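>>> Quick one: sequence and predicted model below, then my questions.
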Amino acid sequence: YTHDLIREHAPDTEVIAVGSSELVQLAEEKLRGKLIHADSLQPILAPFFEHPNATQMDVLVLACTHFPLLREELTTQFPPHLSLIDSGEAIARRVAYLLEDHVFIEKIPEHKAVFTKASPAIEALRPQLLPFGIDQLEILAD
């Protein structure tokens, strides 16, 4: 999907694509309240800085639902002139579009997070969701 978007919207642009499950794990740790240190990001971000055209990099797209959670930490790792594009809202709109035909969506209040499985990790998210106005958790199936 990401490669299709690049071909469609940025065909004449050089893109340095770096996927990282480690970055996703760090974002989830931050969501649970853990402080993320710069030294844990540096090896993950190394492919950006080791690229032959790294000095020409001018935009960083946070192209995963998790990466906007690390926006502050990521901005400290890149030069100040670099623009960040947060794809979180676009991803949320896409998910809402894909789910709009499903009946269960109509039953979910606006300020509720919905999960598919109960676990202590889900309950640990409660304090981190409050700043987003989410004060209820619902488990669809267990």
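Done, it's in. Residues are numbered from 1 along each chain as shown.
>>> show me where pLDDT drops low in this structure?
101-111, 141-142 (pLDDT under 70).
>>> Show me where it has its strands.
For the chain, applying DSSP state E gives strands covering 59-62, 83-86, 112-115, 136-139.
>>> Save these as JSON lines, and put in mean neighbour count too.
C-beta: built from backbone N, CA, C; applies to glycine. Supplementary listing: these in JSON lines, determined by neighbours: other C-beta atoms under 10 Å:
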{"stretch": "strand 59-62", "mean neighbour count": "17"}
{"stretch": "strand 83-86", "mean neighbour count": "12"}
{"stretch": "strand 112-115", "mean neighbour count": "15"}
{"stretch": "strand 136-139", "mean neighbour count": "13"}
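>>> quick one, which of the ones you listed is nearest to Gly19?
Minimum separation from Gly19 across these (C-beta to C-beta) falls at strand 59-62, 12.2 Å.
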